[in-house]
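*Asks:* I would like the atomic coordinates for the input below:
(2 chains)
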Amino acid sequence: MKKALIGTMAIIIVLLATLVGVLLQEPNTSVFEIDRDRAAVASKIALAKDESAKYSGGFIKDFIQLRLAILSVTDDMLEQKRASIIRRISMTYPVGSKPVSVATDSELDDILQELKQAEDQAAQSRKEAAKYSGGLVQSLALMKAETDEMGVAQLRLKFYSAKHGFPILPTSPKDGSPKNAAPLGKVVGDKEAL
Amino acid sequence: MRILSTLIAIISMIVTAQAQSIGRAPLGLEWGLSQEETKKLGVEVTSQADDSFGKAVVFTKLPQTIADADTVLGSYGYDDRLYRIVILSKQFPNDPYGNAVLARYSSLSAILSEKYGRAAQTHQKGDSIYAEQRYFISGIQGGKTYWYSNYSAPDLFIQLGIIAEDSSTGRWRIIYENKALTNSFEKSKRAKEKGTL
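*Replies:* Coordinates of the predicted model:
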């Protein structure tokens, strides 16, 4: 009887120890880091909303709405990750037979470089659009600027999904083409090129 | 004598101008050049597998391109002369309604109309669910919805269209074909097929 009681107590202690170990296990990403990422995305969402409020309709507003949608998806993804950390729920997303893993530092650096280039291009397009006071020319220039801003939002989503292990956008090229592929060419205006 | 020499000079200028206009292609390329001659323009020409349009290549380092172009393909006939150029845009993902790609299509259509005249448009949504805007890209993917504009200049055929990669990712595509060189390619293709059969 005594031996049975000791055996039962030992099993209970082992189970409790395992449970405590799981609960105390630190996740790879901290809530603080995710909050910081969410704050960055929230500021972009606020900027996009302010811009959208300037238009009552039309293609440019549609573009801005799309950019907002992409940023909202990014924010939702980060919120989900935050909730999973707080509730100690381990989430993995298998693609094929392999779970998607968090990107390496060099992969993140590559995406950041792409993001920086996209941001520079978007800034240049905005500057170009600001030269015009209205009409079709400015509309086309603004449309181009919004297309570039959408590219930035997409890359931001790609960065955060890679950083936190979400399989939204792959970190490596789908078709296996080399990352340092030759540039397409010298970017000029649509009218000049077509 | 003076009048005759002036006439000869004018005719030479017209012929030269026509030759130049036939030669000028979009993106700083030149119609009718061989792959080697195209490379001399500073363009990188990467061969692909031959297809129904002849010798297929991918162009990079072009003299000109536009911001949201992703890939530029070329076709050289059996006589190694550039006669067809296809410009594919980057992806417009997560947009089953096709709003972004449609907006860009409209802006490109305006530019092409200004250069090449009014287009013959085919904007046809499919039946059933494909009549709804939220299935626009899906309809194009499934071959139920068609969205393209054809332009015809004296020496060129141009088509601007929307294509789909999946049910929510669209792209625009512009196809340029030099009419004279395309006819020449079609003739040699028929002769080649006839010889094979």
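*Asks:* Without its sequence neighbours, what residue ends up closest to B:Val86?
*Replies:* B:Leu73 (4.3 Å; Cβ to Cβ, 6 or more residues apart in numbering or on different chains). All C-beta spots, glycine's among them, are computed from the backbone N, C-alpha and C.
*Asks:* Report the mean per-residue pLDDT for the host helix or strand of the one you found.
*Replies:* Using DSSP states H and E, B:Leu73 falls within strand B:69-76. Strand B:69-76 comes out with an average pLDDT of 94.
*Asks:* can you list contacts of it?
*Replies:* If you take Cβ atoms under 8 Å, 6 or more residues apart in numbering or on different chains as the criterion, strand B:69-76 is touched by A:184-185, B:27, B:29, B:34-35, B:38, B:45, B:48, B:51, B:53-60, B:62, B:65, B:82-91, B:171, B:185.
*Asks:* Near residue 133, how many other residues are there?
*Replies:* All of this refers to chain A. Neighbourhood size, A:Ser133 [other Cβ atoms under 10 Å in any protein chain shown]: 7.
*Asks:* That was the other one, I meant chain B.
*Replies:* Neighbours of B:Gln133 (other Cβ under 10 Å): 14.
*Asks:* Where does the nearest residue to it once chain neighbours are set aside sit: helix, strand or coil?
*Replies:* Leaving aside its chain neighbours, B:Gln133 sits nearest to B:Tyr97 (5.3 Å; criterion: Cβ to Cβ, 6+ apart). Following DSSP: H, G, I helix; E, B strand; the rest coil, the label given to B:Tyr97 is coil.
*Asks:* Tell me the spacing between B:Tyr97 and A:Leu66.
*Replies:* In this view, B:Tyr97 and A:Leu66 are 9 Å apart by Cβ to Cβ, to the nearest Å.
*Asks:* In terms of neighbours, single out the busier of the two.
*Replies:* The residue with more neighbours, out of B:Tyr97 and A:Leu66, is A:Leu66; 24 against 17, by other Cβ under 10 Å.
*Asks:* need the contact list for the residue nearest to that one when sequence neighbours are not counted.
*Replies:* In this structure, A:Leu66 finds its nearest non-sequential neighbour in B:Ala100, 5.4 Å apart by Cβ to Cβ, 6+ apart. If a contact means Cβ under 8 Å, 6+ apart, then B:Ala100 has A:Asp62, A:Phe63, A:Leu66, A:Thr147, A:Met150, B:Phe92, B:Gly170 as its contacts.
*Asks:* Correct me if wrong: the last one contacts B:Gly98.
*Replies:* Yes - at 5.3 Å, B:Gly170 and B:Gly98 qualify as touching, with contact defined as Cβ atoms under 8 Å.
*Asks:* Enumerate the residues of chain B near chain A.
*Replies:* Those residues of chain B that sit near chain A, judged by Cβ under 8 Å from any Cβ of the partner chain, are B:26-28, B:43-44, B:59-72, B:90, B:93-95, B:99-100, B:103-104, B:106-108, B:110-112, B:114-115, B:174.
*Asks:* Now, those residues that are in strands?
*Replies:* Under the assignment DSSP state E, the residues of chain B next to chain A contribute B:Glu44, B:Phe59, B:Thr60, B:Leu62, B:Pro63, B:Gln64, B:Thr65, B:Ala69, B:Asp70, B:Thr71, B:Val72, B:Ile174 to strands.
*Asks:* Export the residues you listed to a markdown table and append columns for neighbour count.
*Replies:* Output for those, formatted as a markdown table (neighbours: other Cβ atoms under 10 Å in any protein chain shown):
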| residue | neighbour count |
| --- | --- |
| B:Glu44 | 16 |
| B:Phe59 | 25 |
| B:Thr60 | 16 |
| B:Leu62 | 26 |
| B:Pro63 | 15 |
| B:Gln64 | 18 |
| B:Thr65 | 23 |
| B:Ala69 | 22 |
| B:Asp70 | 12 |
| B:Thr71 | 15 |
| B:Val72 | 23 |
| B:Ile174 | 22 |
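*Asks:* I'd guessed B:Phe185 sits against B:Lys55; true?
*Replies:* No - taking contacts as Cβ under 8 Å, B:Phe185 lies outside contact range of B:Lys55: 10.2 Å.
*Asks:* Of the two, which one has the most company?
*Replies:* Higher neighbour count among B:Phe185 and B:Lys55: B:Phe185, with 22 against 18, using other Cβ under 10 Å.
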